[in-house]
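sequence unknown, structure follows:
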């Protein structure tokens, strides 16, 4: 930057005018003296002069930080200032987080749309199968009163079509698919809020970006969108809780547990609070999680039985209607009616949706348990979430006040000493 020097400004103007044969000439001269700027000499070069206000502005603009109050290459004539960025620039991390946020918002929209579509599948397929089954049963009954080959053929065709559609419904479980998409949409919205809070309240780092990407990918694995090749198993041999978060490996946990304490501050944690959190984990393990695992296994067995019964009954009805005769026709009508009742109970009652709800609830308590244990295993208190904030979050997730949460912890500790069982569940929400 060249030195700003202003000594004087000369403004000359001449004008001539004549009035009644008279002429005059006037000259105006003005001198303006500007105040001298605050000078800062660099490298003993008198030509390099910078005002103090400009230095402060450049030093703080756009969040850049200079190694020195001002660095300038005086050997170059253009005097270019070069800011020094930190190795992990928060600007770049924010750009990456915004890109992830856009992907999360898109997934929320996709899961909302597909969930609505699959809920419509459940209603339309159920109504179609029941109408076909009842129509076929009525046609078979009419065939006993007025025997006619056409009625028998129509009844057999309707029962066969209902059997095929019932098999498809039992295989894909549309009500369970719709519940999966609803859960996925809710969890992606939660992740969306977490990303927005991270962008507002803190300066994101590379580890924050990697952790967020792992959460997105874990949700994609837990709740896949396509049906062919990626659909979750609807009739597993064993009921398992849902897992939509990145699992922490045992090696990583051990390395966290053996980490030395760097800072002496406890970050809102105390021995009593740690004991309280361990007592809460014990209640969630022994009461809430076990109860939902028991209910989930019952719902899974019921769903398997109904998924087999409905196509089997319509198949029997189709065979009886095809053979003809009064006895076979009666069997076809009864089997068709029972198939309609079974379909209505399975898909109208949305047993698959109930099963997915139990799976999600068991996963919620599994996540609570893992989060609390991972937090307590972290020996560096500065890397933990603030203890008071963590306690409040646990209380809110369980639908309790802080006093109720502490009462529950005391009951859990008393039951461990007495060998008795806690008389209430940890969660008051579900």
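Perfect, thanks for sending it. In this text the structure is predicted, and so the values were computed from the model without any measurement. Residues are numbered from 1 along each chain as shown.

average pLDDT across the lengthiest helix in the chain?
Longest helix in the chain, counting residues (DSSP state H): helix 90-145. Helix 90-145 comes out with an average pLDDT of 91.

Go ahead and name everything in contact with whatever helix or strand comes next after it.
Downstream of helix 90-145, the first helix or strand assigned by DSSP states H and E is helix 149-172. Residues outside helix 149-172 that contact it (C-beta atoms under 8 Å, 6 or more residues apart in numbering) are 122, 125-126, 128-129, 132-133, 135-137, 139-140, 142-143, 227, 231, 234, 306-308, 310-311, 314-315, 317-318, 321-322, 324, 329, 332, 336, 339, 343, 346-347. (C-beta placed from N, C-alpha, C; glycine too.)

now helix 149-172 against helix 90-145, angle please.
150 degrees (axes from the mean of the first three to the mean of the last three C-alpha atoms, to 10 degrees).

just how off-centre is helix 149-172 within its chain?
In terms of C-alpha atoms, centre = their mean, to the nearest Å, the gap separating the centre of helix 149-172 from the centre of its chain is 41 Å.

next helix or strand past that helix?
For helix 149-172, the succeeding helix or strand toward the C-terminus, using DSSP H and E, is helix 174-201.

Which elements pack onto that following helix?
Counting contacts by 3 or more C-beta pairs under 8 Å, 6 or more residues apart in numbering; DSSP states H and E, helix 174-201 packs against helix 90-145, helix 206-222, helix 351-377.

Turn these into CSV, including mean neighbour count.
As requested, these are exported to CSV (neighbours: other C-beta atoms under 10 Å):
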stretch, mean neighbour count
helix 90-145, 17
helix 206-222, 16
helix 351-377, 21
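
Between those, which one is closest to residue 389.
Ranking the helices and strands packed on helix 174-201 by proximity to residue 389 (C-beta to C-beta) places helix 351-377 first, at 11.3 Å.

how far is the closest one from where the chain is centred?
Put simply, helix 351-377 sits 15 Å off its chain's centre (C-alpha atoms, centre = their mean).

Which secondary structure elements does the longest helix of the chain sit against?
Using 3+ C-beta pairs under 8 Å, 6+ apart, helix 90-145 sits against helix 149-172, helix 174-201, helix 206-222, helix 290-323, helix 326-343.

Residue 375 is nearest to which of those helices?
Nearest to residue 375, of all these, is helix 206-222, at 14.8 Å by C-beta to C-beta.

helices or strands next to the closest one in the packing?
Using 3+ C-beta pairs under 8 Å, 6+ apart: helix 206-222 touches helix 90-145, helix 174-201.
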